[in-house]
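# just to be clear, the model below is a prediction. Sequence and coordinates:
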Amino acid sequence: MAYIEKSFNIPNNTGLSEEQISVHLGLYAGYVKNTNALLEKIQTWQSEWDAFTLAELQRRLGFEFDGMRLHEFYFSQLSEGSKALDENSKFGQLISKQYGSLDVYQADLKRIGSTRGIGWVVTYYDIESDSLLSTWVSDHELGHLAGLPIILVIDLWEHAFFIDYRPATKGDYIDTYIKSINWEIVANRL
């Protein structure tokens, strides 16, 4: 099994420079490459039963795989350009029920994104409570809510914005990213 690097149709009007997007996509390509390399090594090491090496490879796989997958969510949200949220979609209805408006939800994303350090803002859907849960995920593999499908992500590692924004202006980056989201893609994840 090998994962293939996905391509994304990201327009030039996202508010993020072509250079920023290009550098970031290059990082994503590295996660795909490293995920495939780790899976190959794990398969090799399983036959040799070196428990220590195998454990370290497995630990690293979580970081690389989640880095790959979270970036796929991130870039796909920019695909085809910004599109408004259909308030009648299931996602739109959940936003209205829980937050009152998309603006309040977006303010909550920005509040979570203001957390110091590197990580991700991730919104999940909890089928049991029929609700959205947004949280901070450190690194790529630490802090996910078990068993909940991912609906939206915002990358807050500095590599996502360092060409166009500085750490002191991270809030501006979050605003820019949110304005560029294709909400149709996000809503379809439900």
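Nice, thanks for sending it over.

# please parse the chain into its domains.
18-76, 90-188 (automatic domain parsing).

# okay if I get those as a markdown table plus mean neighbour count and distance to Y3?
Using the backbone N, CA and C atoms, a C-beta is placed for each residue, glycine as well. Converted to a markdown table, the domains of the chain look like this (neighbours: other CB atoms under 10 Å; distance: least, CB to CB, whole Å):
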| stretch | mean neighbour count | distance to Y3 |
| --- | --- | --- |
| domain 18-76 | 16 | 5 |
| domain 90-188 | 17 | 15 |
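
# weakest of these by average pLDDT?
Lowest mean pLDDT of the domains of the chain: domain 18-76, a mean of 92.

# next, the distance between the ends of that domain.
With CA to CA, to the nearest Å as the measure, domain 18-76 spans 16 Å from end to end.

# for stretch 86-94, same thing?
Start-to-end, stretch 86-94 (CA to CA) is 11 Å.

# where do the helices sit along this structure?
Using DSSP state H, the helices found in the chain span residues 18-46, 51-76, 90-99, 102-113, 170-179, 183-188.

# closest one to N12 among those helices?
Among those, helix 18-46 comes nearest to N12, with 6.3 Å by CB to CB.

# about what we covered before: export the helices of the chain to a markdown table and tack on distance to F162?
As requested, the helices of the chain are exported to a markdown table (distance: least, CB to CB, whole Å):
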| stretch | distance to F162 |
| --- | --- |
| helix 18-46 | 8 |
| helix 51-76 | 15 |
| helix 90-99 | 30 |
| helix 102-113 | 15 |
| helix 170-179 | 9 |
| helix 183-188 | 25 |
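
# of those, which is nearest S138?
Here helix 51-76 is closest among the helices of the chain (CB to CB), at 11.0 Å.
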